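Undergrad: Can you look at this prediction? I've put the sequence above it.
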Amino acid sequence: MKRGALDFPPHEVTRMSDMKWAHSLVVAFMIQGCEGQPVEAGAAMEPASGQAGGKEAAASPPEQDTAAGSSQAEWHGCRYTLSHEERPDGGQPSVPIYDIILHRSNQGTCPWGGQSRLLGSSYEVPAFSLVAGPWGIGVGHIQVNARPSLNPPPVHFSLRHVAPDTLEPLRNETLTASICPRGMGTCLPGRIHQAELALTEGTLVVKGTKSGSIPGEIGEGTQFTATYPHFFTTRTSPTVLAPPDENGSYASIEWSGCHFFVWAIPTDTWGQGNAGEHAIYLTRMPYRRECPWGMESKLIERTYRPGPLALVGGMSGLAVGYKRQQSASDAAPVSLRILQLTWNSLQAAREESLEVRKDEGGRGRPGSISLVHLSITRNEALVVLGHKDGAFVGEKGSPSHFQVSFEDFFTSTRPPTFGDF
């Protein structure tokens, strides 16, 4: 056991736009959307004589161009390419802005000639996705409308139905995520990290990752699927499913007008980090005037498969609990991790790691653990409840339902006592 302080370098203080918002609730049902009013089918273009007939041809799947930062799709001899061009925005000081351009080229049998159209501009390098079919072109890209500032701007996913002949947008949709802590009465900007389009007949499907919740979604996980039935011929609203993440979690408490929450997000969400690795953050946000501290968010751990997170607060501080696994390997050590943190600085003042081992034929191997609940008693003892397969070091027996108690958790370093529940 160790008593000390974790160091949080300044670069580890995260922006709120990097946040994952995944509650541990599963709603296992589908909402069937009702079809909206038809839109003009001006994009349903018949191919020229001698080409495939008026029946729908198979849509070309999107592909990445050899040039970085572009996406391509083909339909009836036409190649559509979505790309960007960087330019200064003309502000003071000037910052880069990226014009989003759709270009069509004739591959020999296209009924139309080459053409380009500016679709919009973004203050972040846009990630693209593009699909093409007989009813039109489906165009999707990441969109940031605001200049860089201290407050992270919303990062949307812009979705368009574009006519294959004129490249004119016929329908514009935006997927936006927001972070809305319970009890605050306000929301913070979320982020759509990336998304890909798929076309099945007239149904357009958007799959991607996000931080925050999309309005109307079911599940509130970091990965989402938005389905637009008859996207090219109606204004039907999407059905958005976001199943809770297997190894991500969220827990929150309110204290003295402040909202505290601990949350986990895969590190490869940002295009870096190792597959399966998660970053765990503790965030404080004022939501009433009596909160004596400002908003702050700190990284407290990088681990694999953290499982459910738990958070509790008492007069002397906060306690955070989670499962810690050193790598994605099933042979990696597994332990129960408990941190004591201060209300004002969110600094860790005490760390406890209780490894779980399982004996199989005289040979030990890592066990498994799932945290259920933290609580603080009147005398400031911390009680940890959960499930495990294996035994803690120093534990007599190995009950599957465990109770670990730390007497005077915030003021001493006494070793824990073990029991079951």
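TA: Good, I have the coordinates. Numbers count the residues shown, from 1 in each chain.
Undergrad: how about the helix or strand where Glu86 lies: buried residues?
TA: Per DSSP states H and E: Glu86 is located in strand 78-88. By neighbour count on 16 or more other CB atoms under 10 Å, the buried set for strand 78-88 is 78-84. Bear in mind the C-beta positions are built from the backbone N, C-alpha and C, glycine included.
Undergrad: Return the member of those nearest to Gln92.
TA: His84 (23.2 Å; CB to CB).
Undergrad: what's across from the closest residue to the closest one other than its chain neighbours in the sheet?
TA: With sequence-adjacent residues excluded and distances taken as CB to CB, 6 or more residues apart in numbering, His84 is closest to Tyr98, at 4.3 Å. Under DSSP bridges, the beta-bridge partners of Tyr98 are Glu86, Ser122.
Undergrad: I'd assumed Val125 was in contact with Tyr98.
TA: Yes: counting by CB atoms under 8 Å, Tyr98 touches Val125, with 5.8 Å between them.
Undergrad: Mind putting the buried residues of strand 78-88 into a markdown table with pLDDT and distance to His193?
TA: Below are the buried residues of strand 78-88 laid out as a markdown table (pLDDT from 0 to 100; distance: CB to CB, whole Å):
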| residue | pLDDT | distance to His193 |
| --- | --- | --- |
| Cys78 | 93 | 30 |
| Arg79 | 95 | 28 |
| Tyr80 | 95 | 24 |
| Thr81 | 95 | 23 |
| Leu82 | 95 | 18 |
| Ser83 | 94 | 20 |
| His84 | 95 | 17 |
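Undergrad: and the residue nearest to Ser83 when sequence neighbours are not counted, what does it touch?
TA: The shortest distance from Ser83 to any non-neighbouring residue, by CB to CB, 6+ apart, is to Ser70 (3.9 Å). Taking CB atoms under 8 Å, 6 or more residues apart in numbering, we find Ser70 in contact with 64, 81-84, 128.
Undergrad: Mind doing that once more with 7 Å?
TA: Applying CB atoms under 7 Å, 6 or more residues apart in numbering to Ser70 gives the contacts 81-83, 128.
Undergrad: Ok, His156 next?
TA: His156 neighbours (CB under 7 Å, 6+ apart): 143, 174-176, 192.
Undergrad: how much space between it and Ile142?
TA: Noted for His156: a distance of 7 Å to Ile142, by CB to CB, to the nearest Å.
Undergrad: Overlap in contacts, these two.
TA: Ile192.
Undergrad: quick revisit: and Tyr98 and Val125? Which one has more around it.
TA: Tyr98 (23 against 13; other CB atoms under 10 Å).
Undergrad: surely the more buried one meets Leu118?
TA: No: at 11.3 Å, Tyr98 does not count as touching Leu118 under the criterion of CB atoms under 7 Å.
Undergrad: rewinding a little: who touches both of Tyr98 and Val125?
TA: With CB under 7 Å, 6+ apart as the test, Tyr98 and Val125 both reach His84.
Undergrad: still on that earlier bit, roughly how far apart are the residue nearest to His84 and Ala264?
TA: 31 Å.
Undergrad: just for the stretch 1-150 of the chain, where's the confidence low?
TA: Within the stretch 1-150 of the chain, the stretches with pLDDT under 70 are 1-69, 150.
Undergrad: And the strands in it?
TA: Taking DSSP state E, counting those that start in this stretch as the criterion, the stretch 1-150 of the chain carries its strands at 63-64, 71-75, 78-88, 96-106, 115-122, 128-133, 136-143.
Undergrad: dump the residue contacts of Glu277.
TA: Glu277 makes contact with 266-267, 302, 304, according to CB under 7 Å, 6+ apart.
Undergrad: Switch the strands of the stretch 1-150 of the chain over to JSON lines; also include distance to Gly321.
TA: Output for the strands of the stretch 1-150 of the chain, formatted as JSON lines (distance: least, CB to CB, whole Å):
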{"stretch": "strand 63-64", "distance to Gly321": "42"}
{"stretch": "strand 71-75", "distance to Gly321": "43"}
{"stretch": "strand 78-88", "distance to Gly321": "44"}
{"stretch": "strand 96-106", "distance to Gly321": "43"}
{"stretch": "strand 115-122", "distance to Gly321": "40"}
{"stretch": "strand 128-133", "distance to Gly321": "39"}
{"stretch": "strand 136-143", "distance to Gly321": "35"}
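Undergrad: so which of those comes closest to Ile218?
TA: strand 136-143 (21.1 Å).
Undergrad: Identify the residues contacting the closest one?
TA: 43, 80, 82, 100, 102, 119-120, 122, 124, 126-131, 155-164, 170, 192, 195, 197, 199, 204, 206, 232.
Undergrad: Return the list of helices and strands in contact with the strand holding Glu86.
TA: Packing partners of strand 78-88 (3 or more CB pairs under 7 Å, 6 or more residues apart in numbering; DSSP states H and E): strand 71-75, strand 96-106, strand 128-133, strand 136-143.
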